[in-house]
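Colleague: Pasting the sequence and the predicted coordinates here, then a few questions.
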Amino acid sequence: MTIPLAPILPGATIGFLGGGQLGRMTAMAARSMGYDIVVLDPDADCSAKPLASKTFCAKWSDVAAAQALARMADVVTLEIEQIPLATLEAVAAITPLHPRAGAVHIVQDRARQKEWLVREGFPLGAVRTVTSAAECSAAIAELGPSIVKSAHGGYDGRGQVRVQSAAEGEAAWHGVGGGRAVVEQFLAIREELSVLVARSARGDVAVYPPSRNHHTHGVLTWAVVPGGFGDALARDAMTLARAITERLDIVGLLAVEMFVLDDGTLLVNELAPRTHNTYHHSERACATGQFEQLVRAICGLPLGDPSVAVPGAIHNVLGDLWTDGAPPDFAAAMGVRGVRVHLYGKRESRPGRKMGHLSAVGATADEALARVRDAYDALRPSAP
Ligand code: ADP
Ligand code: MG
């Protein structure tokens, strides 16, 4: 039996590796719970900076800067998994790091993550790790129409190339950077969902009901809870996500993206050991939002209730909506009943960059989703 650790109580300092929008929103939750915040990010002007007592501007490979952050913090967590193992281990040698470095190391490399999932017996589509153009072409010849994804650094559909035949293998492999990559069979996806799991330093677990997610060109467009998947599928998805979290020995959050195929098969797509874009609705829809839940988990506090209190949805707002630097019509979006605008404080808009999101609650999931979609349409009144 493990003796529960003493909780890290309000008044303590939480260190964040990463001060983008996820760090910013977690910092807001932590601040409202009475914690102090310190942040490390390569961008001196990062989104979480206004929330932090101190911001270290340094590269992820800067071990000394990470150690300085760790020395100021009672506990450290992260919003991005692409942090070198040496940096994570240096932090963990000074102060508790959640999730643990070894789990982040497995997840941060797409090939290593998928090999781990296969080895542990979790259900996955057909996938091959490749390290050369020839291996890439051979994998496509074996699997048929596929997606080639770089092992490192890809997100929001970046670092991915869709291919039909082995003839495209060489160009695809170079197209994703020409290093380690995975080739995944192109799946007949009926629905996409995710399940967020919280596990505390005390070993308690809270599993959120599945979110229904919609992607466009590999980027999340909207997400809604309850997902309306039916009891059996929801239960299977929640059981699967919980099992992966416990097997990885995660303390903090793990988001598990999943696919439901046309024949009803449930497969894991990918893992994220942190807060997740598909659960931004939890802040309004669930009894406990994901940002507060992360703070509770890493501080060894009782986990909050993850159940849906009111149907809720989010719609992402990407930089594409800024024309010549001019922002879209947020006032119009706020005119839609139940809608709230969330902006990440990023000064520079770029096509594809996540600038913010819209959230809404409603009497039903359909109503909440319709509201964020109406609000999104209101952002660009001249759009066709
Ligand atoms: P990212 O790390 O960029 O989120 P994902 O692997 O989750 O990358 O892919 C992004 C999206 O692309 C998925 O949510 C899904 O819509 C689509 N996708 C990814 N892999 C496959 C696949 N094997 N078959 C069909 N569609 C896929
Ligand atoms: Mg994904």
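Modeller: Received the coordinates, thanks. Ligands and ions are numbered 1, 2, ... in the order given.
Colleague: Next up, the contacts around Val260.
Modeller: Ile189, Arg190, Glu191, Glu192, Leu193, Phe229, Leu233, Leu266 (Cβ atoms under 8 Å, 6 or more residues apart in numbering). In short, each C-beta sits where N, CA and C put it, glycine included.
Colleague: Go again with 7 Å.
Modeller: Contact partners of Val260, counting by Cβ atoms under 7 Å, 6 or more residues apart in numbering, are Arg190, Glu191, Leu193, Leu233, Leu266.
Colleague: okay, the fourth one: pLDDT?
Modeller: The per-residue pLDDT reported for Leu233 equals 98.
Colleague: Any chance you could list what contacts the helix or strand that contains it?
Modeller: Counting by DSSP states H and E, the element that carries Leu233 is helix 231-248. Helix 231-248 is contacted from outside by 103, 106, 120, 122, 193, 195, 197, 199, 205, 207, 209-210, 254, 256, 258, 260, 266, 271, using Cβ under 7 Å, 6+ apart.
Colleague: before we move on, what about stretch 9-19?
Modeller: Outside stretch 9-19, the residues that reach it (Cβ under 7 Å, 6+ apart) are 23, 26-27, 30, 33-41, 46-49, 52, 55, 69-70, 72-80, 83, 295.
Colleague: Pull out the buried residues from that stretch.
Modeller: The neighbour-count check on stretch 9-19 (16 or more other Cβ atoms under 10 Å) flags Thr13, Ile14, Gly15, Phe16, Leu17, Gly18, Gly19 as buried.
Colleague: Spatially nearest residue to the first one (excluding sequence neighbours)?
Modeller: The one in question is Thr13. Using Cβ to Cβ, 6 or more residues apart in numbering and skipping residues adjacent in sequence, the residue nearest Thr13 is Asp36, 4.3 Å away.
Colleague: I'd like to know how far that neighbour sits from Ala6.
Modeller: Relative to Ala6, Asp36 is positioned 18 Å away (criterion: Cβ to Cβ, to the nearest Å).
Colleague: residue contacts, Leu301?
Modeller: Contacts of Leu301 (Cβ under 7 Å, 6+ apart): Pro7.
Colleague: I meant Gly153, not that one.
Modeller: Gln82, Gly159.
Colleague: now swap in the one 10 residues further on and tell me
Modeller: Applying Cβ under 7 Å, 6+ apart to Val163 gives the contacts Ile140, Pro145, Ser146, Val148, Gly169, Ala172.
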